[in-house]
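Q: fold the following.
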Amino acid sequence: MHPVPEYETIRFLASAPVAHIGVISDGEPYVTAVSFVVVGREVRFRTGPGRRLDALRVHPRVCVEACQVETESGDWMSAVAWGAAREVTAEDVITETVELLLAKYRRLIGDPLGFAGLQPLPAFPHVVAVELDTITGMRSGSPIRPPRF
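A: Have a look, this model is predicted:
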């Protein structure tokens, strides 16, 4: 394994299609997948009511992870980051987050005009931001071979 510079790890994390958010819920780890965007050193995602949101409200310290495997070689890269989560209430940040999510996932969800504007959809009314204070990246494979990620 080889460490990856922080700037490259952030770029990798931003391009990952799915991340996993680890929280503490009822005294135990609870990990869920999320669609997300990276804005500076912040991971943002939408969520509905439930165990993850309840856990974030009680224990805002979280871990975010994303990884990718290169199928031909078996090489992999991962990003792991820690930070404090908070619910976003500022309408401009909520709108920006939804716009960024629509742009990132447009290929999968189609034209955003199919939705009723750029507001959070009822099923996911909460936006969460995680301010990352620690970001690490690791890569398998040879340090002299250029990465494929």
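Q: pLDDT (mean, whole number) over stretch 2-20?
A: Average pLDDT, stretch 2-20: 96.
Q: give the buried residues for it.
A: 4, 6, 8-10, 12-13, 16, 19 (16 or more other CB atoms under 10 Å). The way it works is simple: take the backbone N, C-alpha and C, and place the C-beta from them, glycine included.
Q: what does that stretch contact?
A: Counting contacts by CB atoms under 8 Å, 6 or more residues apart in numbering, the residues outside stretch 2-20 that touch it are 31-38, 41, 43, 45, 64-68, 77, 79, 81, 135-141, 143, 149.
Q: with stretch 70-78 instead?
A: 4, 12, 65-69, 137-141, 147-149.
Q: show me the buried residues of stretch 2-20 that map onto strands.
A: Those of the buried residues of stretch 2-20 mapping onto strands are 4, 19, per DSSP state E.
Q: let's see which of the buried residues of stretch 2-20 end up in helices.
A: Using DSSP state H, the members of the buried residues of stretch 2-20 that fall within helices are 6, 8-10, 12-13.
Q: done for today, thanks.
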